[in-house]
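Chemist: One predicted model, sequence on top.
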Amino acid sequence: MAVKNNRNVEQAGELASEVGGVIADRNGTHGDPIENHDHIADLWNSYLGGVLVRPLRGDEVADMMILLKLSRKHVGGMDTDHYRDAIGYAAIASLYVPQDADNSVEARE
């Protein structure tokens, strides 16, 4: 049964909206999110020195940052900031989805 005017749902929506603003604000200090995550992937690939089967992509950097945030939650405890950051990284990862993609399309190589 659906509950109307559920404050929890409103809070989740407010958090997601807040994250959108943070992403826009950080574009000025952190640069374009796709360019930044592609650059991080290049650095991580260089650091790992070829131990991977294939090089990491920028969207996978964002995915792994989500995992980092979840680890911090499990080790360090509950904090809304972990979820705020995970939402932000998920939003950045979504920028890698081709505009004409459907559910059968693989991530960019």
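Modeler: Ah, there it is. Residues are numbered from 1 along each chain as shown.
Chemist: the longest helix in this protein is where?
Modeler: helix 7-30 (DSSP state H).
Chemist: Next, the buried residues of that one.
Modeler: 19, 23 (16 or more other CB atoms under 10 Å). All C-beta spots, glycine's among them, are computed from the backbone N, C-alpha and C.
Chemist: From the rest of the structure, what touches the helix or strand following that helix?
Modeler: Next along the chain after helix 7-30, taking DSSP states H and E as the criterion, comes helix 33-48. Helix 33-48 has contacts (CB atoms under 8 Å, 6 or more residues apart in numbering) with 23, 26-27, 30, 52, 55-62, 92, 95-96.
Chemist: Next step: those restricted to strands.
Modeler: Applying DSSP state E to those, no entry is found in strands.
Chemist: picking up where we left off before, can you show me the CA trace of the longest helix of the chain as PDB?
Modeler: Taking Å, rounded to 0.1, in the frame of the first residue of the first chain, the C-alpha atoms of helix 7-30 are listed here in PDB:
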ATOM      1  CA  ARG A   7       8.600  12.400   4.600                       C
ATOM      2  CA  ASN A   8      11.300   9.800   4.000                       C
ATOM      3  CA  VAL A   9      10.600   9.900   0.200                       C
ATOM      4  CA  GLU A  10      10.700  13.700   0.300                       C
ATOM      5  CA  GLN A  11      14.000  13.600   2.200                       C
ATOM      6  CA  ALA A  12      15.500  11.200  -0.400                       C
ATOM      7  CA  GLY A  13      14.300  13.500  -3.200                       C
ATOM      8  CA  GLU A  14      15.800  16.600  -1.400                       C
ATOM      9  CA  LEU A  15      19.100  14.700  -1.000                       C
ATOM     10  CA  ALA A  16      19.200  13.900  -4.700                       C
ATOM     11  CA  SER A  17      18.500  17.500  -5.600                       C
ATOM     12  CA  GLU A  18      21.200  18.700  -3.300                       C
ATOM     13  CA  VAL A  19      23.700  16.400  -5.000                       C
ATOM     14  CA  GLY A  20      22.800  17.800  -8.400                       C
ATOM     15  CA  GLY A  21      23.800  21.200  -7.100                       C
ATOM     16  CA  VAL A  22      27.000  19.900  -5.600                       C
ATOM     17  CA  ILE A  23      28.000  18.300  -9.000                       C
ATOM     18  CA  ALA A  24      27.300  21.600 -10.800                       C
ATOM     19  CA  ASP A  25      29.300  23.600  -8.200                       C
ATOM     20  CA  ARG A  26      32.300  21.200  -8.300                       C
ATOM     21  CA  ASN A  27      32.500  21.400 -12.000                       C
ATOM     22  CA  GLY A  28      34.200  24.700 -11.400                       C
ATOM     23  CA  THR A  29      36.800  23.400  -8.900                       C
ATOM     24  CA  HIS A  30      37.100  19.700 -10.000                       C
END
